[in-house]
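[1] Structure for this input, please:
(chains A, B and C, ligands or ions: 2)
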Amino acid sequence: MMDILQDIKYVIFYPSFFVMIIFPGLIAGGLFVLFAIWFERKIAARVQMRVGPYYVSRFGGIAQLLADAIRVALQEIIIPAGVNPTLYVIAPIFPLLFAFLPLAFLPIGVIPEQGSVFSAYYHSFFDPGVNMGVIAALPTEYSLIAVLAVEAAYPIFIILQAWATNNRFALVGAVREAYLSVAYDVLILMSVIATAVEYHTLDVAKVVQSGIPGIVANPLAAFVFFVGLIMATSRFPFEIVEAESELVTGPATEYSGLLFLLAMGGSYFGTYVYALYFAAVFLGGWYPLSGFPGAVILFLKAAVIVLFSVFLRSVYGRYRIDQALRNSWRLLLPVALASIVLGIVGGWLWIR
Amino acid sequence: MTAQPNVFTMDATQIDIVPIEGELNVGPQHPGSGHLRIYVKLNGDIIEKAELDVGYVHRSVEKLAEVRNYMHLIPLVERPAILDSIHMNLGYILALEKIMGVDVPDRAQYLRSLAAEINRIASHLYGTGILAVFLGHSTGFMWGFGDREVWVEVLQALTGARVTNSYIIPGGVRRDLTPTIKEMIEKAIRYQRKRIPEWKRIFLNNPNIRARLENVGVMSKEQAIAWGAVGPNLRGSGVYYDVRKFEPYAAYDRLDFEIPVYKEGDAYARVHVRFNEIEESMKIIEQIIKEIPQGNILSDRFFKQIPPTRLKKHYETHGKIVFPGYYASFRPPKGEAISRVEAARGELVYYLNSDGSPKPYRLRMVTPSYRTIYVFEQLAKGARYADLVAIYGSLDYFPPEADR
Amino acid sequence: MDQVKIREYDKNKNPFRLFGAHVAAVGEGIKHAIKPKTITLRYPDVSMTLPTNYRGMIRLYKDVCIGCSLCAMICPADAMKMTTWEGKKLPQINYGRCVFCGFCVDVCPVDALRETRVHDAAFQSRRELVFNPDKFNQDFDQTLPVKGTVRKVRAVIDENKGIRYVPDE
Ligand code: SF4
Ligand code: SF4
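    Ligands and ions are numbered 1, 2, ... in the order given. The predicted model follows:
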């Protein structure tokens, strides 16, 4: 009997499973995304002299989002004439998947040799860079880049989705996404390179374990990355792809029911994963804790980032696509270059 | 959009992923279109041509006017621009009064200006709100409507209805200004003054909004005149023209106010004109409250016809005018008249032709939004697709008003 | 004609001012998130009493009415119609047509019509919208099924908040 419980515990806490499915992956992430959307509506309502969700459950209608999600999920799925049904149905799954998959490479904590629930996996998830085990689905020494590499596939699937729906508004939205990705990917990559140069590593765990949060070591990179994050996940003021008043809902225009939920969920999951990454690299991650408590700290830091980025909806409108591109190349690229210089200097003089 | 063949079997040349040239059918069921359809011809992101397909909210007001008697028309002419109903009402009554040859007491003139300015503020806030939501700025949208609520509340206290005021009648106005309403208005002005800096921080000076509006939809002075722009759109292009100054009606010849004129002629200038007009309107309202003369609010000609008992019961205690039976159906003399008022969106012209029967022979209304249609089409040419909504919002185009 | 002053807006675009404006906008948002100026009425739980001179539903005083039909004549929407009711000429109203302009109330020479402050009403069919003189003769009073008690409030203009709701006695 004890053995079975032990086995179950072993499986549940097996980092690859735990990270992806339980925390901070699918289950925790899904609930948090719902919370973030609720928060977005509630905080916008406060700024805008309104009340926001109110009736469903107590505590400010916190169950409203659950109710909405169930309602939308049960709505009829309409497949327009003139589309390829197979492609149409599977297309929205990919963006969601590729918003979510990068989590596999992201370490969310370190495993001490003894004393944590994760200690059993110390050896299988050993990371020579930090001389400890790491809680990650796929531990790698190149996590800094691996996460971005997977995340970079996201726009391709947005385009696929728009193309599969055979709608002009969706296509225009997809083209905008394609343009925009040129801007934000460069920014994100440059700020990450600056960090990598500064910490002499491509391992997120090592960055965190150095004990110096990236935002202190290289504030410019942190700023550029944050703007890139907002752009990449189309939060305001860069909600250009979905642009309701211009493009209805951009690539998700034709979807209804569960497919709509999937199509719209991608960007929120993207924000969440990027925020976890931001929290790990720039906000000191789990340091100085380890094991599960460390992961919780990381999650909370990411939560603050997500909530702030959804809050921006109540402050901004949206930029025009050409303005977003121009601003990111003209104003932010120099900052990103400066951050690389700062990284080189910092890495040379300060962080060994 | 034609049916697309099976994507797996088709030839690569058949697929056009990027609509290099193409049409977009914006509306009538589109979140950015309002009650009209815009047929946009795109070349990449640039609009080559935007055709406005108007008429979705046509209500045949002009034709209906020929089968209604003069009093019945008051609620009807308000309907096209319900958020600017005082001006719609006022213009019609001015034309009617010209035919009837009634003169209006001073106090009523001031009250007309008062109601009109309150309505102007409410209408500009509404327009700003719509512009904000077109740009994706939901806070501006809600704030516009939230602040407008304050002024609508004031109008409701004054006239008895939120937007369907029917406040102005031939010969005067229906209700008098009471001390309570005066106090309400003063509070509302103080509130709005406090709000304007907040508006500036989050909306007007927000770099995001500035980027979206500056140098967008630029209309030069000459173009504005040639295309027949009116109201704030015209004044945003550097043309000093306002009916309130050029052909004063109501009490405007006795009030001291400025007309904000901006040089640039872009969308941002138009928004600035509106904001300055809100401030200017508040100054006018303050003056009116201070200077309003005592006296009747209805022309003596009709006032004398009201039964004295009713007069005592309603007018002397509640400041409410009751109608003499004359209003139920009257025949103005033969004649025609034209009236102009500066409505919130610009110059509003009424032409009224009476053949001596209880019903007008012809009523013609030229509404400011109607004159914006052409301006909109012209400005949209060469703009980016995303600017379509910015231009639309900054022109404050209101489809029902244009369609009548 | 007074002096024509052509204004120009501030076109300063230096990056630091731009950054400052961003900070100001976000700061304004945070300020409102912390101290909201909510003006929404939580409607079915809280309901608004309208001001005394509000032009709401209309009530007829059957015994006062002299059957002069002025109200029917002035009605712009043909909502008010004269009928013969128990041998007397009396108006009946169709709320499906009424635009609540209040002309009928103002024109009635004997004050047989009065505006009530009632505004919220629900009907099941169009036929119910027509009030015959008997029904028209009563104060409109519809008890709508609501859970719990409905708090009555009155809107007052507030200098800081815009609209404030105070309990109505
Ligand atoms: S309020 Fe106006 S529309 Fe309604 S019945 Fe009276 S006159 Fe007719
Ligand atoms: S106007 Fe008054 S008195 Fe005349 S019919 Fe109507 S309700 Fe009766």
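[2] going on from the helix or strand harbouring residue B:232, what's the next piece of helix or strand?
    Residue B:232 belongs to helix B:231-235 when assigned by DSSP states H and E. Tracing the chain past helix B:231-235, the next element assigned as helix or strand by DSSP H and E is helix B:243-246.
[3] What average pLDDT does that next one get?
    Average pLDDT, helix B:243-246: 86.
[4] what does stretch A:48-62 give?
    Stretch A:48-62 comes out at a mean pLDDT of 81.
[5] measure the residue of the stretch 301-404 of chain B found nearest chain A to ligand 2 for me?
    As assessed by CB to the nearest CB, chain A sits closest to residue B:386 within the stretch 301-404 of chain B, at 4.4 Å. All C-beta atoms are positioned from the backbone trio N, CA, C, and that covers glycine. For residue B:386, the distance to ligand 2 (CB to the nearest ligand atom, to the nearest Å) stands at 57 Å.
[6] Convert the helix holding residue B:232 to PDB, retaining C-alpha atoms only.
    Taking C-alpha atoms only, helix B:231-235 is exported to PDB below (Å, rounded to 0.1, in the frame of the first residue of the first chain):
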ATOM      1  CA  GLY B 231     -18.300  72.500 -36.900                       C
ATOM      2  CA  PRO B 232     -15.300  71.300 -34.900                       C
ATOM      3  CA  ASN B 233     -13.900  69.600 -38.000                       C
ATOM      4  CA  LEU B 234     -13.900  72.900 -39.900                       C
ATOM      5  CA  ARG B 235     -12.400  74.700 -36.900                       C
END
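[7] There's contact between residue B:149 and residue C:164 in this structure, I believe.
    No: checked against CB atoms under 8 Å, the pair residue B:149 and residue C:164 is beyond contact range at 12.0 Å.
[8] quick one, which of these two is more surrounded?
    residue B:149 (19 against 15; other CB atoms under 10 Å in any protein chain shown).
[9] Flag every residue of the stretch 51-200 of chain A that's near chain B.
    A:81-84, A:87, A:159, A:163-164, A:166-169, A:171-172, A:175 (CB under 8 Å from any CB of the partner chain).
[10] at 10 Å instead, please
    Applying CB under 10 Å from any CB of the partner chain, we find that the stretch 51-200 of chain A lies next to chain B at A:80-84, A:86-87, A:159, A:162-164, A:166-169, A:171-172, A:174-176, A:178-179.
[11] which among the residues you listed end up buried?
    A:80, A:83-84, A:87, A:159, A:162-164, A:166-169, A:171-172, A:174-176, A:178-179 (16 or more other CB atoms under 10 Å in any protein chain shown).
[12] separation between the residue of the stretch 301-404 of chain B closest to chain A and residue A:248?
    Distance from residue B:386 to residue A:248, counting by CB to CB, to the nearest Å: 14 Å.
[13] Could you do residue B:168 as well?
    Separation of residue B:168 from residue A:248 (CB to CB) stands at 41 Å.
[14] helix or strand for residue C:165, which one?
    Element membership of residue C:165 [criterion: DSSP H and E] is strand C:162-167.
[15] which residues of the chain fall in strands?
    No chain in the question, so chain A it is. A:110-111, A:126-127, A:132-134 (DSSP state E).
[16] my bad, chain C
    Ranges of strands within chain C are C:6-7, C:46-48, C:58-60, C:80-85, C:88-94, C:113-115, C:130-131, C:151-158, C:162-167, based on DSSP E.
[17] With distance to chain A and mean pLDDT as new columns, can the ones you listed be given to me in CSV?
    Formatted as CSV, these follow (distance: least, CB to the nearest CB, whole Å; pLDDT from 0 to 100):
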stretch, distance to chain A, mean pLDDT
strand C:6-7, 24, 80
strand C:46-48, 11, 82
strand C:58-60, 33, 87
strand C:80-85, 39, 86
strand C:88-94, 34, 87
strand C:113-115, 30, 85
strand C:130-131, 33, 86
strand C:151-158, 12, 83
strand C:162-167, 7, 83
